[in-house]
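Enquirer: sequence and predicted structure are below.
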Amino acid sequence: MKKSDYAQFLTEEMLKHMHMTKEEKLEKKQLKSKGSSHWFGLLPLAIKMIRRKNKK
């Protein structure tokens, strides 16, 4: 991807975001938070707990 293509992509995405209504932004945020990406934060915690358990 060329730099100009990347700049065009960023500009288009920024304009899409700017033209979204407040409700659309809130809905998008809620859909994003329901995804499985929040589980990634629990993975390191689980590994830490397993290591502690194994040390005892």
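Expert: Arrived safely, thanks for sending.
Enquirer: check which residues of the top helix by length along the chain are buried.
Expert: Longest helix of the chain, by residue count under DSSP state H: helix 3-19. When neighbours are counted by 16 or more other C-beta atoms under 10 Å, no buried residue of helix 3-19 is found. All C-beta atoms are positioned from the backbone trio N, CA, C, and that covers glycine.
Enquirer: can you list contacts of it?
Expert: The contact list for helix 3-19 (C-beta atoms under 8 Å, 6 or more residues apart in numbering) reads residue 25.
Enquirer: mind checking how far residue 8 is from residue 2?
Expert: Residue 8 sits 9 Å away from residue 2, taking C-beta to C-beta, to the nearest Å as the criterion.
Enquirer: how far out from the middle of the chain is the longest helix of the chain?
Expert: Averaged C-alpha coordinates place helix 3-19 at 18 Å from its chain's average position (C-alpha atoms, centre = their mean, to the nearest Å).
Enquirer: kindly report the same for stretch 15-25.
Expert: 17 Å.
Enquirer: check stretch 2-9 too.
Expert: Taking the mean of its C-alpha atoms, stretch 2-9 sits 22 Å from the chain's own mean (C-alpha atoms, centre = their mean).
Enquirer: can I get that stretch as PDB, trimmed to CA atoms?
Expert: C-alpha atoms of stretch 2-9 as PDB (Å, rounded to 0.1, in the frame of the first residue of the first chain):
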ATOM      1  CA  LYS A   2       1.400   3.400  -1.000                       C
ATOM      2  CA  LYS A   3       1.500   6.300   1.400                       C
ATOM      3  CA  SER A   4      -1.000   8.200  -0.600                       C
ATOM      4  CA  ASP A   5      -3.400   5.200  -0.500                       C
ATOM      5  CA  TYR A   6      -3.000   5.000   3.300                       C
ATOM      6  CA  ALA A   7      -3.600   8.800   3.700                       C
ATOM      7  CA  GLN A   8      -6.700   8.500   1.500                       C
ATOM      8  CA  PHE A   9      -8.000   5.600   3.600                       C
END
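Enquirer: could I have the CA atoms of stretch 13-20 written out in PDB?
Expert: Extracted C-alpha coordinates of stretch 13-20, given in PDB (Å, rounded to 0.1, in the frame of the first residue of the first chain):
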ATOM      1  CA  GLU A  13     -12.400   6.800   7.800                       C
ATOM      2  CA  MET A  14     -12.100  10.100   9.600                       C
ATOM      3  CA  LEU A  15     -14.800  11.700   7.500                       C
ATOM      4  CA  LYS A  16     -17.100   8.700   8.000                       C
ATOM      5  CA  HIS A  17     -16.600   9.000  11.800                       C
ATOM      6  CA  MET A  18     -17.200  12.700  11.700                       C
ATOM      7  CA  HIS A  19     -20.500  12.300   9.800                       C
ATOM      8  CA  MET A  20     -21.900   9.700  12.200                       C
END
